[in-house]
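Student: Just need the structure, nothing else, for what follows:
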Amino acid sequence: MRFLNKTWVNGMAVGLLLLGICTALNANAQSANVHNANSHNKPMKHAKRIQLATGAALAPDGRLWVVGLNDRGQMFLQSSPAQALGQWSAPVILNTQQDEIAADGESRPKMAFGPNGWAVVTYTQPLPKPYTGFVRMLRSADGGQSFSAPFTVHQDRQEITHRFESILFDAQGNLHTLWIDKRDLPPKGVGPKYIGAAVYGNVSKDGGATFGPDYKLADHSCECCRIAMSNTADGKVAAVWRHVFGEQTRDHGFALLPVASSTVSSTAQGQTKIPVRSTFDNWQINACPHHGPGLASNTSQTGFYMVWFGIRKQDGQDVAGVRYARLSATGEPLLNTLKAIPDPRAEHADVLSYKQRVVVAWRSSDGSTSTLKAWISEDEGQSFSVKVLGQTQGPNDHPRLVQRAEKMLVVWRDTKEIKVYDVSQ
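Tutor: Model prediction:
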């Protein structure tokens, strides 16, 4: 396994880049309903160390919800009222009936709210073969008070990679799901080499009750980095992901998603889009950095804000860091907007925006203490100021940014608690 520049590795948190290592656990797909935390629902067999990767979403009433795994390996839901953020309700256990669940690093459970009382929870279910999985979903028609049994989102049921899913409702209430998929890899020793994986997706117009066909958004994505999605100013959905350009240049690709399932047919399999290239670090690496991007729409103008991690050459040296830039409405980087996050240890950054306000949040570690920081702009990213939000010691999750209109929150979980920071103003 080939690792990166030694100076950079020593300066980053342990485990930032476990190159190409993606844990796969045994799993069985069954059914689920909601139960209280003290119900008869059994913990997962062979429960390992607690996995801290947690999803978060704001409901239409402003209530903050989180979904993750507890120390028994059970998936739980908790919520906090808008008037008292951080005061959590008792956890409710989602009965996933022995599904193994990936909830570590770039792979985490997720939750999203749509119209008509729709709410969905997704997770990746690892399968017995290494690096394989199914994308699973539970849906609610009553705002998260009860959930369906879990089901597999994609039509393809091969024991291959279907992992690192992302979900988002568009302005019309269509639910978009994207994931990393390897169905296009030829059998070993057959045909030309297929580089990386692919980004596949589907669309549901009824809150996850039914889905349109699987479609391929792009070939040659990176294999284990999260996909970032954002609503656009005109009501659509955009996505950006780490992409393999050429043989091993791991920059980022951008695409707008189909508007609704009726616009996507099975014939789209042969009409794959070539993504717009949104970053130009020219990072040459034959491995996955496990470090996906962040994307936010500019709500006062067209275009986007983007943050990502990369390594680029500067004066003949490899310089690693998290970077920020503005993108056009079609995903191209805008000249003179590239900035380096002012923290050489910054990792796993994300970005949100509302009108002129832009917030970038990230985690920084010196090896023993992790610090949560925010970079805040009031002039659409022209200038920023740094704010320290919190610190913790020991294992902790990547920071999660959630938003509903002007409300912007940072959610950060460690082994003791789930912390909430309001960065709306």
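Student: Next up, the contacts around residue 337.
Tutor: 324-326, 381 (CB atoms under 8 Å, 6 or more residues apart in numbering). Where you see a C-beta, it was placed from the backbone N, CA and C, and this is true even at glycine.
Student: From the residues you listed, pick the one nearest residue 183.
Tutor: residue 325 (32.3 Å; CB to CB).
Student: quick one: the closest one from residue 295, how far?
Tutor: Distance, residue 325 to residue 295, by CB to CB, to the nearest Å: 11 Å.
Student: The two: who's more crowded?
Tutor: When neighbours are counted by other CB atoms under 10 Å, residue 295 comes out ahead of the other of residue 325 and residue 295, with 27 against 20.
Student: just to revisit the earlier point, which neighbours do residue 325 and residue 295 have in common?
Tutor: Both residue 325 and residue 295 are contacted by 305-306, under the criterion CB under 8 Å, 6+ apart.
Student: Show me the beta-bridge partners of residue 393.
Tutor: For residue 393, the beta-bridge partners are residue 369 (DSSP bridges).
Student: Please spell out the segments of the stretch 1-150 of the chain that come in under the pLDDT threshold.
Tutor: Per-residue confidence for the stretch 1-150 of the chain (pLDDT under 70) gives these ranges: 1-48.
Student: which residues in it form strands?
Tutor: Assigned by DSSP state E, counting those that start in this stretch, the strands in the stretch 1-150 of the chain fall at 34-36, 55-58, 64-69, 75-80, 92-94, 110-113, 119-126, 133-140.
Student: Switch these over to a markdown table, and while doing so, append distance to residue 286 and mean neighbour count to every line.
Tutor: Below are the strands of the stretch 1-150 of the chain laid out as a markdown table (distance: least, CB to CB, whole Å; neighbours: other CB atoms under 10 Å):
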| stretch | distance to residue 286 | mean neighbour count |
| --- | --- | --- |
| strand 34-36 | 44 | 14 |
| strand 55-58 | 31 | 22 |
| strand 64-69 | 32 | 24 |
| strand 75-80 | 35 | 20 |
| strand 92-94 | 38 | 22 |
| strand 110-113 | 29 | 22 |
| strand 119-126 | 24 | 26 |
| strand 133-140 | 22 | 24 |
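Student: Just put those in JSON lines and tack on distance to residue 390.
Tutor: Below are the strands of the stretch 1-150 of the chain laid out as JSON lines (distance: least, CB to CB, whole Å):
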{"stretch": "strand 34-36", "distance to residue 390": "30"}
{"stretch": "strand 55-58", "distance to residue 390": "16"}
{"stretch": "strand 64-69", "distance to residue 390": "16"}
{"stretch": "strand 75-80", "distance to residue 390": "16"}
{"stretch": "strand 92-94", "distance to residue 390": "26"}
{"stretch": "strand 110-113", "distance to residue 390": "23"}
{"stretch": "strand 119-126", "distance to residue 390": "26"}
{"stretch": "strand 133-140", "distance to residue 390": "31"}
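Student: Endpoints of stretch 233-250, how far apart?
Tutor: 28 Å (CA to CA, to the nearest Å).
Student: That one: which residues count as buried?
Tutor: Buried residues in stretch 233-250, defined by neighbour count with 16 or more other CB atoms under 10 Å: 233, 236-245, 250.
Student: Closest one of those residues to residue 422?
Tutor: Set against residue 422, the nearest of those by CB to CB is residue 233 (24.1 Å).
Student: Contact partners for the residue nearest in space to the middle of the chain?
Tutor: Centroid-nearest residue in the chain: residue 226, 4.5 Å away (criterion: CA atoms, centre = their mean). Going by CB under 8 Å, 6+ apart, residue 226 touches 106-107, 164, 166, 241, 292-293.
Student: Tabulate the residues you listed in a markdown table, adding columns for secondary structure and distance to residue 118.
Tutor: As requested, the contacts of residue 226 are exported to a markdown table (DSSP: H, G, I helix; E, B strand; the rest coil; distance: CB to CB, whole Å):
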| residue | secondary structure | distance to residue 118 |
| --- | --- | --- |
| 106 | coil | 26 |
| 107 | strand | 24 |
| 164 | strand | 23 |
| 166 | strand | 17 |
| 241 | strand | 25 |
| 292 | coil | 26 |
| 293 | coil | 27 |
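Student: Quick one, which of the residues you listed are buried?
Tutor: Counted by 16+ other CB under 10 Å, the contacts of residue 226 give 106-107, 164, 166, 241, 292-293 as buried.
Student: Greatest separation within those residues: which pair is it?
Tutor: Taking CB to CB as the measure, the buried ones among the contacts of residue 226 span a maximum distance of 15.4 Å, between 107 and 293.
Student: So what does the closest residue to residue 170 other than its chain neighbours look like in phi/psi?
Tutor: Nearest-residue entry for residue 170: residue 237, 4.9 Å, with adjacent residues in sequence omitted and distances by CB to CB, 6 or more residues apart in numbering. Dihedral pair for residue 237: phi -130, psi 130, per degrees, to the nearest 10.
Student: Check residue 237 and give its pLDDT.
Tutor: Looking at residue 237, its pLDDT is 96.
Student: My guess is it contacts residue 168. True?
Tutor: Yes: using CB atoms under 8 Å, residue 237 is in contact with residue 168, at 5.5 Å.
Student: Now do the shared contacts for these two.
Tutor: Common neighbours of residue 237 and residue 168 (CB under 8 Å, 6+ apart) are 176, 229-231.
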